[in-house]
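Peer 1: Quick one, fold the following:
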Amino acid sequence: VLDLHGAREFVLLVGSRPAGLGGPWELAEGRQARSGDEVVLDRTLAEQHGLATGDRVTMLGRDLVVVGLSQGTRSWMTSLVFITADVAGDLTGGGAIASFILVRTDQPEAVATAINESNGVDALLPGFLAANDRRVLAGVMARPVGLMIAITLVAATLVVSLTIYSAVVERLRD
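Peer 2: The predicted model follows:
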């Protein structure tokens with residue numbers, strides 16, 4: 001949770017080793033976080049809150065300096081925020097625990113098989129993750145969309161009923 005000008009913004013936290021993989025895959029400005037008081041924000045999130053490189057933000061009670069802005073790291077619900085793995089562990093109380101480890105490879109199936117066989121970790125392919133995200137988002141949106149459809153059907157029924165009623169009343173007068 002980022003505290004931005006008194007507003008709370010929920011973000012997904014990505015911790016990586018400095019100079020290693022796992023940081024922002026596309027920087028729009030600045031550089032990757034290298035130390036414990038640095039953060040890379042999504043460019044869209046930064047623009048929405050009037051933030052730029054050099055500004056300070058507070059995350060879970062810790063002051064961080066914005067050293068970079070990433071691009072292509074925002075979904076419709078949340079943004080990705082990049083910090084060092086050590087700071088991510090400190091902030092989440094997890095130490096060396098990770099929810100996800102992202103691996104970039106030209107051979108995803110072979111790497112997933114090797115990971116699954118070697119250390120008891122479940123490796124998930126990008127297609128599976130995309131399908132899962134679509135299923136979760138569809139589940140989130142199912143109730144509001146269902147409610148809108150029900151309201152539309154009720155409104156359409158009322159319009160048709162009023163039209164028929166008006167036509168009948170006019171014919172009765174004739």
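
Peer 1: On the three-state scheme, residue 118 is what?
Peer 2: helix (DSSP: H, G, I helix; E, B strand; the rest coil).

Peer 1: Give me the distance from whichever helix in the chain runs longest to the chain's centre.
Peer 2: The residue-count maximum for a helix in the chain (DSSP state H) belongs to helix 126-173. In terms of Cα atoms, centre = their mean, to the nearest Å, the centre of helix 126-173 is found 28 Å from the chain centre.

Peer 1: Rounded mean pLDDT for it, please.
Peer 2: Mean pLDDT, computed over helix 126-173, is 89.

Peer 1: Against which helices or strands is that helix packed?
Peer 2: Applying 3 or more Cβ pairs under 8 Å, 6 or more residues apart in numbering; DSSP states H and E, one finds that helix 126-173 contacts no other helix or strand. Glycine gets a C-beta too; all of them are placed from N, C-alpha and C.

Peer 1: what angle separates the host helix or strand of residue 110 from helix 126-173?
Peer 2: For residue 110, the element it lies in under DSSP states H and E is helix 108-119. Angle of helix 108-119 versus helix 126-173, following axes from the mean of the first three to the mean of the last three Cα atoms, to 10 degrees, is 120 degrees.

Peer 1: Alpha carbons of helix 108-119, as CSV, please.
Peer 2: The C-alpha coordinates for helix 108-119 follow below in CSV (Å, rounded to 0.1, in the frame of the first residue of the first chain):
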residue,chain,number,x,y,z
PRO,A,108,9.3,-21.9,-21.3
GLU,A,109,8.0,-25.5,-21.4
ALA,A,110,11.5,-27.0,-21.0
VAL,A,111,12.4,-24.6,-18.1
ALA,A,112,9.0,-25.2,-16.4
THR,A,113,9.5,-29.0,-16.6
ALA,A,114,13.0,-28.7,-15.1
ILE,A,115,11.8,-26.4,-12.3
ASN,A,116,8.9,-28.8,-11.5
GLU,A,117,11.1,-31.8,-11.4
SER,A,118,14.0,-30.3,-9.4
ASN,A,119,12.7,-28.4,-6.4
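
Peer 1: name the helices or strands packed onto it?
Peer 2: Secondary elements touching helix 108-119 (3+ Cβ pairs under 8 Å, 6+ apart): none.

Peer 1: how about it: buried residues?
Peer 2: For helix 108-119, burial by neighbour count (16 or more other Cβ atoms under 10 Å) applies to 112, 115.

Peer 1: what kind of secondary structure is residue 34 in?
Peer 2: Per three-state DSSP, residue 34 ends up coil.

Peer 1: dump the residue contacts of the closest residue to it other than its chain neighbours.
Peer 2: Of all residues not flanking residue 34 in the chain, residue 18 sits nearest, at 4.5 Å (Cβ to Cβ, 6 or more residues apart in numbering). By Cβ atoms under 8 Å, 6 or more residues apart in numbering, the contact set of residue 18 is 32-35, 84.
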